[in-house]
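> Sequence and predicted structure are below.
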Amino acid sequence: MGCPKRCAYCFELHNPFIEKDEVKIKINTVKTLREKISRQDKRNVILVDGYDCEHAEVKEHLLRDSLKVLLDLKMPLVIQTKSDLVLRDLDLLQKLKEEVDFVHVVFSITDLDTSHHRIFEPYTCPPSVRLKAMEKISNAGISTGLFLMPVLPLISDSQETLEELFKEAKEHECDYIIHELLRVVGSGPQRDNWFDTLEEHFPDLVGRYQKMYPYEKDAYKFGHGPFDREYTHKLNRTITELQTKYGISNNLSHRKTVDNLIKPRTQMSLADY
Ligand code: SF4
């Protein structure tokens, strides 16, 4: 629980169970996972997103041990990450794919600008490294995608920036790209952190951002996208055109599917289902 990467837009800051920069290790993860999944419908998809806590994972290998459980129980899997540590477990992913077919590894990337990487996600592995990892995983026969998230309005949303990312993604065997615009909470630590970063690096954009993401007392904790319908439509249109141009799907199930998967309804966590 928690994440050491300190991305400027991260919602972990709203997690009431951790202090800033704190990582708590759930030492009973593997045991709990086996117990809970054994009672679940085997067609549910498991989402794993812990690879970004690299130091903890290298020490505790909870994810690797969890993958062994998923392999044993033949569970469909989606891994979401910004880290190439997932390559360590490629052997298990390949074995799981032989059993259930539905195995996806999705890398989150905002854009390929190295200065943006230093400003907004300074402790994550560089996007170019994520793309190389994506290609290796794809070449191993596993579906790979890109979460183009978050698109940062007026920063990472230009036609050139987006096109460069689509081109590189295609060259690195990306099957699909799913995008989402930056979400900012109306008040609270995520908002403060985001606007502090903006003040420091893009002071000219603060006013525009305040209009797109107005302050709101006691706001919904997952925030909202920009309050600018025209802008959002235009961005969506640009991305759809790029998807067509580069032959990249916007659908997670693009390359490999199994027939009887349950359609996603609600997302449950290991702690509460
Ligand atoms: S890697 Fe993900 S969870 Fe970690 S700080 Fe960045 S956005 Fe948050």
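Alright, I've got the coordinates. Residues are numbered from 1 along each chain as shown.

> And the top helix by length along the chain, what does it pack against?
In the chain, taking DSSP state H as the definition, the longest helix is helix 229-246. Here helix 229-246 touches helix 159-171, strand 176-181, going by 3 or more CB pairs under 8 Å, 6 or more residues apart in numbering; DSSP states H and E. Using the backbone N, CA and C atoms, a C-beta is placed for each residue, glycine as well.

> and with 6 Å instead?
helix 159-171 (3 or more CB pairs under 6 Å, 6 or more residues apart in numbering; DSSP states H and E).

> what is the orientation angle of the helix it packs on with strand 176-181?
Orientation note: helix 159-171 sits at an angle of 150 degrees relative to strand 176-181 (axes from the mean of the first three to the mean of the last three CA atoms, to 10 degrees).

> can you list the residues that contact helix 159-171?
Asp111, Leu112, Leu131, Leu146, Leu242, Tyr246 (CB atoms under 6 Å, 6 or more residues apart in numbering).

> per-residue confidence for Lys20?
We have a pLDDT of 75 for Lys20.

> How about it: what's its closest non-neighbour residue?
Leu13 (6.7 Å; CB to CB, 6 or more residues apart in numbering).

> State the distance from that neighbour to Ile142.
Distance, Leu13 to Ile142, by CB to CB, to the nearest Å: 32 Å.

> Secondary structure element holding the residue lying closest to Val78 once chain neighbours are set aside?
Using CB to CB, 6+ apart and skipping residues adjacent in sequence, the residue nearest Val78 is His104, 4.6 Å away. Take DSSP states H and E as the rule and His104 turns out to sit in strand 103-109.

> gap between Arg208 and Pro226?
Arg208 is 9 Å from Pro226, by CB to CB.

> Of those two, give the one with the bigger neighbour count.
Between Arg208 and Pro226, counted using other CB atoms under 10 Å, Pro226 has the larger neighbour count: 20 against 15.

> that older thread, make sure the residue nearest to Lys20 is actually in contact with Gln190.
Yes - using CB atoms under 6 Å, Leu13 makes contact with Gln190 at a distance of 5.0 Å.

> can you pull the pLDDT of the residue nearest to Val78?
On the pLDDT scale, His104 gets 96.

> can you tell me how far Ser138 sits from the ligand?
22 Å (CB to the nearest ligand atom, to the nearest Å).

> For that residue, which non-adjacent residue is closest in space?
Ser138's closest residue in space is Glu173 (CB to CB, 6+ apart), at 3.6 Å.

> likewise Tyr213?
Closest to Tyr213 by CB to CB, 6+ apart is Val184, at 4.1 Å.

> Check Met75 too.
Ile46 (5.0 Å).

> So what's the residue count around the residue nearest to Ser138?
When counting by other CB under 10 Å, one arrives at 15 neighbours for Glu173.

> And for Pro4?
Neighbours of Pro4 (other CB under 10 Å): 15.

> coming back round to it: does the residue nearest to Val78 touch Thr144 like I think?
No - using CB under 6 Å, His104 is not in contact with Thr144, being 7.2 Å away.

> Asp218 sits in which helix or strand?
Using DSSP H and E, no helix or strand contains Asp218.

> what's the answer for Val78, then?
Going by DSSP H and E, Val78 is part of strand 77-81.

> Compute the inter-axis angle for that strand and strand 103-109.
Going by the same axes, to 10 degrees, strand 77-81 makes 20 degrees with strand 103-109.

> What is whichever helix or strand comes after strand 77-81 packed up against?
Counting by DSSP H and E, the next helix or strand C-terminal to strand 77-81 is helix 90-100. On a contact count with 3+ CB pairs under 6 Å, 6+ apart, helix 90-100 meets helix 62-73, strand 103-109.

> for the record, mean pLDDT for helix 90-100?
In the prediction, helix 90-100 has an average pLDDT of 96.
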